[in-house]
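Visitor: here is my input, please return the structure:
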Amino acid sequence: MIGACSCDWGCPCNFDARPTYGWCQGTYAWHIEEGRFGDVSLDGLYMSWSGESPGPMHEGHLTTQLVIDARAGDRQREAILTLFRGEHGEPFAIFAAITETVLDPIFASYEASLDGLNSRLSVPGVLEMALTTIKNPVTGNPEELRLVKPTGFTSKETDMGTSTVYRFTGGFQHDHSGKYAEFAPFDYSGP
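Guide: Numbers count the residues shown, from 1 in each chain. Predicted structure coming up:
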């Protein structure tokens with residue numbers, strides 16, 4: 001999973017604090033190396049969730065939009081949409097609970113190279129994300145920052161960095177290049 005948002009490095013939401021500017025705009029994108037929903041294989045597919053909130057995300061009122069890998073067949077698309085409706089737990093239930101307006105999903109092709117904080121992901125004309133390490137302001141050397149949060153809802157351990165580019169131009173638009181970004185492995189299982 002990679003993510004990026006409008007907040008300063010570290011993202012206050014990770015620490016149960018208010019977002020840097022009082023509102024939040026961000027994206028999480030997942031590559032499913034191996035996964036199933038019931039008897040539907042989701043192996044190799046990409047999906048992303050983008051949202052914008054007028055205040056802290058936990059207060060709700062979000063507008064969200066999903067981008068689903070165009071390679072997904074009908075059953076795979078329905079499985080992913082069902083997950084994001086939040087009926088089967090894990091982070092998707094939280095996303096669903098805080099969302100007020102859901103825009104129609106976008107089905108598009110992903111281009112990605114996932115390699116920790118050297119990851120890049122693009123959905124041409126919709127989403128562009130590229131990550132890098134945070135640099136020490138004195139030496140310019142890369143900083144290794146890892147958040148270990150056993151209560152994290154998207155991941156339990158996250159490599160924290162910054163985006164070299166982060167733009168979403170789907171049903172709403174934002175550009176927060178140079179702000180917070182993260183990379184994390186994930187392992188979700190439903191109830």
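
Visitor: show me what contacts residue 94?
Guide: Residue 94 makes contact with 86, 153, according to CB atoms under 8 Å, 6 or more residues apart in numbering. Heads up, the C-betas are built off the backbone N, CA and C, glycines and all.

Visitor: strands paired with the strand or helix carrying residue 107, and their directions?
Guide: Taking DSSP states H and E as the criterion, residue 107 maps to strand 106-108. Based on DSSP bridges, the pairing partners of strand 106-108 within the sheet are strand 62-69 (parallel).

Visitor: pull the residues that contact the partner strand.
Guide: The set of residues external to strand 62-69 that reach it, using CB under 8 Å, 6+ apart, is 29, 45-53, 77, 80-81, 84, 95, 98-110, 123, 126-127, 170-172.

Visitor: just the buried residues from the residues you listed, in PyMOL please.
Guide: Buried residues within these, as defined by 16 or more other CB atoms under 10 Å, are selected in PyMOL through the command that follows:
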select buried, resi 29+45+46+47+48+49+50+51+52+53+77+80+84+95+98+99+102+105+106+108+110+123+126+127+170+171
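
Visitor: and residue 145, what does it touch?
Guide: Contact partners of residue 145, counting by CB under 8 Å, 6+ apart, are 10, 134, 159-161.

Visitor: work out for me the element the most centrally placed residue in the chain sits within.
Guide: To find the centre residue of the chain, average its C-alpha atoms and take the closest one (CA atoms, centre = their mean): that gives residue 28, at 0.5 Å. Here residue 28 sits within strand 24-31, counting by DSSP H and E.

Visitor: what lines up beside the following helix or strand past that strand in the sheet?
Guide: Tracing the chain past strand 24-31, the next element assigned as helix or strand by DSSP H and E is strand 36-37. On the basis of DSSP bridges, the sheet neighbours of strand 36-37 come out as strand 40-41 (antiparallel).
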